[in-house]
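Asker: Sequence first, then the predicted structure, then my questions.
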Amino acid sequence: MIDDQYKIDIPPDTYHQMIRENLDLSALSHLFISHSHADHFCVAELEYLAEPFAYNLKNSPVRIYGNDAVIGKIRTQCADVIDQGRLPAELNRLEAFTSVKADHLTFTSILASHMADETCLNYVVRSDSSAFLYTADSGAYCDHTMEYLCGLRLDLLIAECTLGTQDYEPIGHMTFKGVLELRDRLIKCGALAKGARIILTHFSHNIGMLHDEFEAIASPEGIEIAYDGMVVDL
């Protein structure tokens with residue numbers, strides 16, 4: 001969640017996160033979805049935007065952005081609510097390498113490498129003074145994506161690292177080795193600013209490590225390990 005009014009993805013544990021971190025989802029204005037996998041996009045959560053579940057939304061309608069699969073799933077699974085005019089949302093189909101001016105921030109979708117049958121998106125988020133890349137479910141980026149990223153100046157990299165230090169590169173995800181390779185490529189082309197923070201997230205039990213064990217491996221590389229409730233100022 002960014003500045004209270006922006007969110008990337010809406011997983012099935014969204015309500016738990018809201019209670020645990022005292023988040024006010026009534027202030028949500030823009031929701032950017034990376035892809036249609038259920039751990040990133042729980043379409044049932046969107047029905048709770050409608051009455052009688054939600055009242056007095058501060059920024060209605062909520063602008064929702066996603067690929068064809070995401071928008072199609074919303075239209076299908078929320079059909080009754082949409083037909084009744086009860087879903088306070090504006091649906092926006094988003095293709096790769098499209099920029100959206102969303103109030104005081106600009107979100108640019110980039111092409112992720114995750115699924116063969118779906119255009120999965122990651123996001124570059126920019127304000128007037130800074131920019132960061134948020135990777136959500138992607139293996140090594142294709143040349144087109146890297147060419148785009150190398151034309152930017154990033155102050156923060158938030159990278160998925162689904163399988164940690166496993167010694168193989170999974171399809172559609174990054175290992176720690178893959179993150180280091182991405183970091184080095186971004187530094188080499190001048191896209192990653194000096195002193196930029198690198199934070200890893202999107203972990204699985206398959207990593208086989210506790211948080212402090214992964215920290216001991218990542219810290220010498222100047223990389224941070226995310227945790228539930230982490231707040232990053234930029």
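Answerer: That came through, no problem.
Asker: for this structure, what spans make up the helices?
Answerer: 14-21, 68-77, 79-83, 143-149, 176-188, 211-218 (DSSP state H).
Asker: Serialize those helices to JSON lines and add fields for mean neighbour count and distance to Ser109.
Answerer: All C-beta spots, glycine's among them, are computed from the backbone N, C-alpha and C. Formatted as JSON lines, those follow (neighbours: other CB atoms under 10 Å; distance: least, CB to CB, whole Å):
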{"stretch": "helix 14-21", "mean neighbour count": "13", "distance to Ser109": "21"}
{"stretch": "helix 68-77", "mean neighbour count": "16", "distance to Ser109": "12"}
{"stretch": "helix 79-83", "mean neighbour count": "13", "distance to Ser109": "23"}
{"stretch": "helix 143-149", "mean neighbour count": "15", "distance to Ser109": "10"}
{"stretch": "helix 176-188", "mean neighbour count": "17", "distance to Ser109": "18"}
{"stretch": "helix 211-218", "mean neighbour count": "14", "distance to Ser109": "28"}
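Asker: Please convert those to a markdown table, extending it with distance to Thr201 and mean pLDDT.
Answerer: Output for the helices of the chain, formatted as a markdown table (distance: least, CB to CB, whole Å; pLDDT from 0 to 100):
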| stretch | distance to Thr201 | mean pLDDT |
| --- | --- | --- |
| helix 14-21 | 13 | 93 |
| helix 68-77 | 21 | 96 |
| helix 79-83 | 31 | 91 |
| helix 143-149 | 18 | 97 |
| helix 176-188 | 11 | 96 |
| helix 211-218 | 11 | 97 |
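Asker: so which of those comes closest to Glu45?
Answerer: helix 14-21 (5.2 Å; CB to CB).
Asker: got a list of contacts for that closest one?
Answerer: 11, 23, 25, 42, 45, 48, 228-229 (CB atoms under 8 Å, 6 or more residues apart in numbering).
Asker: Only alpha carbons, please: show it as PDB.
Answerer: C-alpha atoms of helix 14-21 as PDB (Å, rounded to 0.1, in the frame of the first residue of the first chain):
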ATOM      1  CA  THR A  14      -6.300  -8.300   2.700                       C
ATOM      2  CA  TYR A  15      -8.800  -8.000   5.600                       C
ATOM      3  CA  HIS A  16      -6.300  -9.600   8.000                       C
ATOM      4  CA  GLN A  17      -3.700  -7.100   6.800                       C
ATOM      5  CA  MET A  18      -6.100  -4.200   7.300                       C
ATOM      6  CA  ILE A  19      -6.800  -5.200  10.900                       C
ATOM      7  CA  ARG A  20      -3.200  -6.100  11.800                       C
ATOM      8  CA  GLU A  21      -1.700  -2.900  10.400                       C
END
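Asker: from the chain's centre, how far out does that helix sit?
Answerer: 17 Å (CA atoms, centre = their mean, to the nearest Å).
Asker: Please apply the same query to stretch 202-217.
Answerer: On CA atoms, centre = their mean, the centre of stretch 202-217 falls 20 Å from that of its chain.
Asker: Kindly check the end-to-end length of it for me.
Answerer: 17 Å (CA to CA, to the nearest Å).
Asker: Likewise for stretch 61-81?
Answerer: 14 Å.
Asker: now do stretch 129-147
Answerer: 22 Å.
Asker: what's that stretch in contact with?
Answerer: Where contact means CB under 8 Å, 6+ apart, the residues beyond stretch 129-147 that reach it are 8-9, 34-35, 37, 40, 110-114, 120, 122-125, 149, 152-160, 162, 169-174, 178, 181-182, 185, 189, 202, 234.
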